[in-house]
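Novice: Return atomic coordinates for the entry below.
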Amino acid sequence: MLSSGSNRFVVSCQSPHRSITTTRHFEADPERRAERYRQDAFLTAEIHRVWEEDFCVYGARKVWRQLHVNVARCTVERLMRPNKLWVADFTYVATWSGFVYVAFVIDVYARCIVSWRVATSMKTGQVLDALELALWAQNTYEG
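Specialist: Prediction:
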């Protein structure tokens, strides 16, 4: 571990035989999630509360007005949309020891990486593994 003032830089080595997962890191310490993720979780609960209080008929504009929270209307619109549009990207990264291949699953609406998988060989199963991890994580976090 390297330290520079209050900033910390963690250096770790990964074996090519181990998969890298993001969900285990956040399950261990949810407070290390990005601020946007925590804010979205809070706002989603508030949006759901307001929406149900008004008999599940309000749209994004009326929910936004009823929130009484300082948040942009487009954020409320984004959080009220079903996040069901995912795209996959399969790319390679040059390293000192050769190429590694990375499969990403990206949520288009939330503009974030839902899951990813890294391997030393390019195989179709890698993309399917990333998709399965994204589906598993979605079911885990949505309950």
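Novice: show me the contacts for the residue most central in space within the chain.
Specialist: Central residue of the chain (C-alpha atoms, centre = their mean): Val114, 4.2 Å from the mean position. Neighbouring residues of Val114 by C-beta atoms under 8 Å, 6 or more residues apart in numbering: 86, 105-107, 134, 137-138. C-betas here are computed from N, CA, C, even on glycine.
Novice: hmm, try it at 10 Å
Specialist: 22, 83, 86-88, 104-107, 130-131, 133-135, 137-138 (C-beta atoms under 10 Å, 6 or more residues apart in numbering).
Novice: average model confidence for the helix or strand harbouring Ile113?
Specialist: In this structure, Ile113 sits in strand 112-119 according to DSSP states H and E. For strand 112-119, the mean per-residue pLDDT is 92.
Novice: still on that earlier bit, so which of the contacts of Val114 is the most crowded?
Specialist: Ranked by neighbour count (other C-beta atoms under 10 Å), those have Ala130 at the top, with 24 neighbours.
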